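Student: Have a look; sequence and predicted model below, questions after that.
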Amino acid sequence: MAGIGAALERPTPDTKRNVLGVLVDAVDYDVAVEQVLAAARDRRPYCMTALAVHGVMTGVTDPRHRARLNGFDLVTPDGQPVRWALNLLHGAGLREWVSGPELVLQLLPRMAAEDLPIYLYGSTPGTLHDLTAALRQRVPGLSVAGAEASRFRSAGEDELRQIADRIRSSGARAVLVALGCPRQEIFAYAMRSYLDLPLLAVGAAFDFHAGRMRRAPEWMRRRGLSWLWRLALEPRRLWRRYLLLNPAYLAALAAQALGIWRPDPAPRGHPAAPEIVPV
């Protein structure tokens, strides 16, 4: 598996901050969009994800995954609790968070204006069909070079190379990935070795923009209550995530803020990648 998890050179921007051992970038939408566009224009490998509390905690509880996350070029604060952490721990002064769904809406008009096609990877065939139609209607001139549904299983290096070949031959200049956390981050990081273009793990953006799922009202998002909205919609699937991880996140954040715990980020760019990757 020489291609997967090989050490890759990473930029070391001064926006990265330690949140419970996970390096999160203190950036706004404008900076995030410009960084992704620059990588798309230059045809260079680039990995981006937007992490909410659950995403951060996957890195806290799994050192191998933390190392993978800390090898991403850009990790944005998705939701108020992660924005609050950056402001509390590092005085970042951020006025907004940077979510995957909203980033998509701000990025795609710029991609369309510069004639940079996108590729959609993940979710189900039905969602991709609705999403493609919705994005083309919402963003005139947007080129969707291809769309590929998740197989909901794992794949080895040969299959990853085949996926990369399909993406490359489509002419896409960026890939939006929606496989759920942490599967999408594992996939994006592994595929970085094979593709000279940005890979963006955008979470529930596919379901939201395809009209398959409703976003939390603005007032709930502003108060850091998006998790409560999601829990009400999918209680059986999400109760463990939110009712167990949220208190753990707050406790760990308090410990770091008080200096009781000094989490060390794992070395960036050197995670031990799995032999198989979720696709």
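Tutor: Everything's here; your move. Numbers count the residues shown, from 1 in each chain.
Student: Could you use CA atoms for every contact and neighbour count after this?
Tutor: Noted.
Student: ok, and the closest non-adjacent residue to residue 140?
Tutor: Spatial nearest neighbour of residue 140, chain neighbours left out: residue 112 (7.5 Å); criterion: C-alpha to C-alpha, 6 or more residues apart in numbering.
Student: ok, the one you found touching residue 144?
Tutor: No. The pair residue 112 / residue 144 is not scored as a contact, 9.6 Å apart, by C-alpha atoms under 8 Å.
Student: okay, and the common contacts of those two?
Tutor: Contact criterion C-alpha atoms under 8 Å, 6 or more residues apart in numbering; residues shared by residue 112 and residue 144: none found.
Student: if I look at residue 39, how far off is residue 198?
Tutor: 6 Å (C-alpha to C-alpha, to the nearest Å).
Student: So between the two, which is more surrounded?
Tutor: Neighbour totals were compared for residue 39 and residue 198, and residue 198 leads with 30 against 19 (other C-alpha atoms under 10 Å).
Student: What does the nearest residue to that one once chain neighbours are set aside show for phi and psi?
Tutor: Nearest non-adjacent residue to residue 198, counting by C-alpha to C-alpha, 6+ apart: residue 46, 4.3 Å away. Here is the backbone geometry of residue 46 (degrees, to the nearest 10): phi -160, psi 130.
Student: count of neighbours near residue 46?
Tutor: Residue 46 - counted by other C-alpha under 10 Å - has 27 other residues nearby.
Student: What segments of the protein are strands?
Tutor: 16-19, 22-25, 46-51, 74-77, 118-122, 144-148, 154-155, 174-178, 198-201, 277-278 (DSSP state E).
Student: Comparing those strands, which comes out most buried?
Tutor: Neighbour counts (mean count of other C-alpha atoms under 10 Å) averaged over each of the strands of the chain peak at strand 198-201, with a mean of 30.
Student: And the closest residue to residue 161 other than its chain neighbours, what's its pLDDT?
Tutor: In space, and not counting its chain neighbours, residue 161 is closest to residue 194: 7.0 Å by C-alpha to C-alpha, 6+ apart. Per-residue confidence for residue 194 comes out at a pLDDT of 95.
Student: any idea how far residue 194 lies from residue 130?
Tutor: Relative to residue 130, and taking C-alpha to C-alpha, residue 194 is found at 28 Å.
Student: cool, and residue 90?
Tutor: 41 Å.
Student: next one: residue 93
Tutor: 38 Å.
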